[in-house]
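Chemist: what follows is a predicted structure for the sequence shown.
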Amino acid sequence: MMDLLIRGGTVVDPAAGRAYESDVLIKDGRVAAVEKKITARGARVLDAAGKLVTPGLIDMHVHLREPGQEHKETVASGTCAAVRGGFTAVAAMPNTDPAADRPEVIRYVLERAREAGRARVYPVGALTVGSRGKELTEMGALREAGAAAFSDDGRPVAGAHVMRRALEYARMLGVPVISHCEDLSLAAGVMHEGLVSTMLGLKGTPAAAEDVAVARDLILAEMTGGRLHVAHVSTAGAVRLVREAKARGVRVTAEATPHHFTLTDRAVAGFDTNAKVNPPLRADADVAAVREGLADGTIDVIATDHAPHAAHEKEVEFDLAPFGLVGLETAVGLVFTELVAGGVLDVVTAVAKLSTNPARVLGLSRTIEPGAVADLTVIDPEAVWTVNRAELVSKSKNTPFHGFKLKGLPCATIVGGEVHLAARS
Amino acid sequence: MAVRHLLGLADMPAAAINEFLENALPMKQIISRDIKKVPTLRGKTVITLFYEPSTRTRMSFELAAKYLSADTVNVSASASSTSKGESLADTARTVAALGADLVVLRHPCAGAPHLLARLVEVPVVNAGDGMHEHPTQALLDLFTLRERRPDLEGLKLVIIGDILHSRVARSNIWCLPRFGVDVHVAAPPTLVPAGLAALGVTVHDRPEDALPGAGAVMVLRLQRERQQEGLIPDVREYARLYALNSERLALARPDAYVMHPGPMNRGIEIAPDVADGACALITDQVTNGVAVRMAVLYLLMLGRGE
């Protein structure tokens, strides 16, 4: 592999809590030097003047749909979308068909990721067999096969007893339980319950459906000492509960999605099924609370919950459409536009929530120093672009952000020293 | 007519609502004649797509089309290919390819007419979509009220019943306040949708609190499923607390109009003597429904650009 010199960029290093101008030299897939001026004869040069050089971004909440729903996405197409979105790694949720509840499925996903040779894939193992919420999976065997965490994402664990045992058991393996917090008995709706659902005549799911489940899981995490990661926080109540639990010392981390810090339930007006997502897009006060939670550190991670669905599956009555939207290719633009330019986060903190923080949750490392694996992302924070669903490389185009004008664009995604994304115009 | 479809009244300009109602007047004259047929829509085809059982709305649309000499084709969900799994989108494309000039859609899912309207070139009329809207019902309610009282400014109207699931209530809540009507609702808290008061409606728990001073009372049908869904303890208790009977009606103004979109559960949400009383406009509503739908079909098919 040819040496790579990233020249003239601003290195953003959340581990050191600072950003500084520096060249970065990559040799044999690892960072060889980080110095103000590097001369490297024969190296391929990547001009990063005016750009940010960040630890490789990680999206810890992605649905790659393989095996079983390859018409929506595959490991190959999903990891292409990941690198186009600046992500060097993704955590793949286990609600595939079959579910990732046995080591063969984990190994299969890893094998497909190796073949694709794009972003790294960290499979998440199912928490219960078939994600049915009854018996725990063989977490030890799944962990050995490569599962980085455990979750029944998309099918919330209904029984408090099962969640208790899962948190206890996962503690022994040192991995987090990622909880999709939703009380199904309260969550009969297709969008957020509020004025907009009333106006549209759509069944609503109240914020309480999330709050109740978050409260339960926090209590169980506190009781068991297990590590809880709350997925896709969307309500003011959930932010408050996580904040209070952290203050008490509960081992909890939390993530929020770009759509939940950008859009409100008003995006559903006109019955746009691309805005049908679970948890649903919430009210103004919830969006404000999620932003506040990001700013004060209650919410550690930004993850997309990338959930591809085929066009014909979304071109149906709103009630019948599946939940989910694609997020890998718009996340960086939304973070820089809404949070950085919007004054919610400084660049270093924003990058931390996309790289070092998810790495910490998953037990990975993300540093920019000699010897580190060269997983890096180069971002042009000033590039202005317009989201066009036709240009998405994900197999599915179900984005509610079509036509959004964003500022901030990944221009190189480097995985193990290999550059996967050429600059876009 | 500036609008292409009739999907709902939420964003229908008041001028368009007035245009529908003005055109319903001559239509009402037509249907009161001995020979109720004019050639206005001869050679035009109206397809009614009903994905939900309905007798009165469907008959009303079909007669409206026939009185104007349009050809009608009625498709009901059981007879259509939906049972074979065809999507609404594909049905829409088929309907367009068959050469319909206008499609009337009744569907259990809110927003289904909006999906249809995005996929076909011809006008779409919403004949009721889930809990969302039933615009022709609200137009006929407005027409019926204005027949009796041309200036509705200051009229207090109370809607009693299952507001949560009612598309009729929603369309009326969008429409009536624009004509000066002061809309109140009375319903068990379990049957009131979130944020309703933000739409300019006064919400009461009990009819006794809502009725004093009312010049019109609109009673909604109670679906028995609400009991299984745990939204009301049982139908009998609902009737005890919410039925419009003569004692409750006496709280309203003596000349208060009584309306019901039908079909009625006599003895549940409305007492028989009230339904048949001197102030009841319920049969007027049915007749006016045909006239209003004639106006809608006429304006959407022929009235464009006039």
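Modeler: Received it, and whenever you're ready, just let me know what you need.

Chemist: let me see the contact set for the closest residue to A:Ala160 other than its chain neighbours.
Modeler: Take A:Ala160 and drop its neighbours on the chain: the residue closest to it by C-beta to C-beta, 6 or more residues apart in numbering or on different chains is A:Arg216, 5.8 Å away. Using the backbone N, CA and C atoms, a C-beta is placed for each residue, glycine as well. Shown in contact with A:Arg216 (C-beta atoms under 8 Å, 6 or more residues apart in numbering or on different chains): A:Ala160, A:Met163, A:Cys181, A:Asp183.

Chemist: do A:Arg84 as well
Modeler: A:Leu328, A:Glu329, A:Val393, A:Pro410, A:Thr413, A:Leu421.

Chemist: narrow the contacts of A:Arg216 to those in helices?
Modeler: Members of those lying in helices (criterion: DSSP state H): A:Ala160, A:Met163.

Chemist: circling back to that earlier point, tell me which helix or strand comes right after whichever strand or helix holds the residue nearest to A:Ala160.
Modeler: Here A:Arg216 sits within helix A:208-224, counting by DSSP states H and E. Next helix or strand after helix A:208-224 toward the C-terminus (DSSP H and E): strand A:228-230.

Chemist: any of the contacts of A:Arg216 buried? List them.
Modeler: A:Met163, A:Cys181, A:Asp183 (16 or more other C-beta atoms under 10 Å in any protein chain shown).

Chemist: nearest to A:Gly201, out of these: which one, please.
Modeler: Nearest to A:Gly201 among the buried ones among the contacts of A:Arg216, counting by C-beta to C-beta, is A:Asp183 at 23.5 Å.

Chemist: does that closest one really touch A:Ala209, like I thought?
Modeler: Yes. Contact criterion C-beta atoms under 8 Å: A:Asp183 and A:Ala209 qualify, at 4.9 Å.

Chemist: can you pull out the low-pLDDT segments for the chain?
Modeler: Going with chain A. Scanning chain A for pLDDT under 70 picks out A:422-425.

Chemist: oops, wrong one, chain B.
Modeler: B:78-84, B:304-306.

Chemist: and it, what are its domains?
Modeler: B:14-133+B:286-301, B:135-285 (automatic domain parsing).

Chemist: from the chain's centroid, how far away is the shortest one?
Modeler: Okay, so that is domain B:14-133+B:286-301. 13 Å (C-alpha atoms, centre = their mean, to the nearest Å).

Chemist: how about the longest one?
Modeler: Taking C-alpha atoms, centre = their mean, the mean C-alpha location of domain B:135-285 is offset from the chain mean by 13 Å.

Chemist: can you give me the neighbour number for the residue nearest to A:Gly327 when sequence neighbours are not counted?
Modeler: Spatial nearest neighbour of A:Gly327, excluding adjacent residues (C-beta to C-beta, 6+ apart): A:Thr304 at 3.0 Å. When neighbours are counted by other C-beta atoms under 10 Å in any protein chain shown, A:Thr304 registers 28.

Chemist: once you drop chain neighbours, what's closest to A:Pro14?
Modeler: Closest to A:Pro14 by C-beta to C-beta, 6+ apart is A:Ala352, at 3.5 Å.

Chemist: confirm that B:Gly154 sits in a helix.
Modeler: No. Assessed with DSSP: H, G, I helix; E, B strand; the rest coil, B:Gly154 is coil; it does not lie in a helix.

Chemist: which element, helix or strand, includes residue 104?
Modeler: No chain specified, so I'll use chain A. helix A:103-116.

Chemist: other chain: chain B
Modeler: Judged by DSSP H and E, B:Val104 forms part of strand B:102-107.

Chemist: what comes into contact with whichever helix or strand comes after that strand?
Modeler: Downstream of strand B:102-107, the next assigned helix or strand under DSSP H and E is helix B:112-119. Here helix B:112-119 makes contact (C-beta under 8 Å, 6+ apart) with A:270-271, A:315-317, B:4-5, B:7, B:51, B:88-89, B:92-93, B:96, B:103, B:105, B:107, B:124-126, B:129-130.

Chemist: can you get me a residue count around A:Lys72?
Modeler: 24.

Chemist: helix, strand, or coil at it?
Modeler: Judged by three-state DSSP, the three-state class of A:Lys72 is coil.

Chemist: what residues sit buried inside stretch A:268-278?
Modeler: Applying 16+ other C-beta under 10 Å to stretch A:268-278 flags A:Val268, A:Phe271, A:Asp272, A:Thr273, A:Asn274, A:Ala275, A:Lys276, A:Val277, A:Asn278 as buried.

Chemist: so which of these reach chain B?
Modeler: A:Phe271 (C-beta under 8 Å from any C-beta of the partner chain).

Chemist: coming back round to it: nearest to A:Leu142 among the contacts of A:Arg84?
Modeler: A:Leu328 (24.4 Å).

Chemist: does that closest one touch A:Ser394 like I think?
Modeler: Yes. Using C-beta under 8 Å, A:Leu328 is in contact with A:Ser394, at 6.4 Å.

Chemist: shared neighbours of the two, anything?
Modeler: Taking C-beta under 8 Å, 6+ apart as the contact rule, A:Leu328 and A:Ser394 both touch A:Gly78, A:Ala81, A:His306.

Chemist: fine by me, we can end here.
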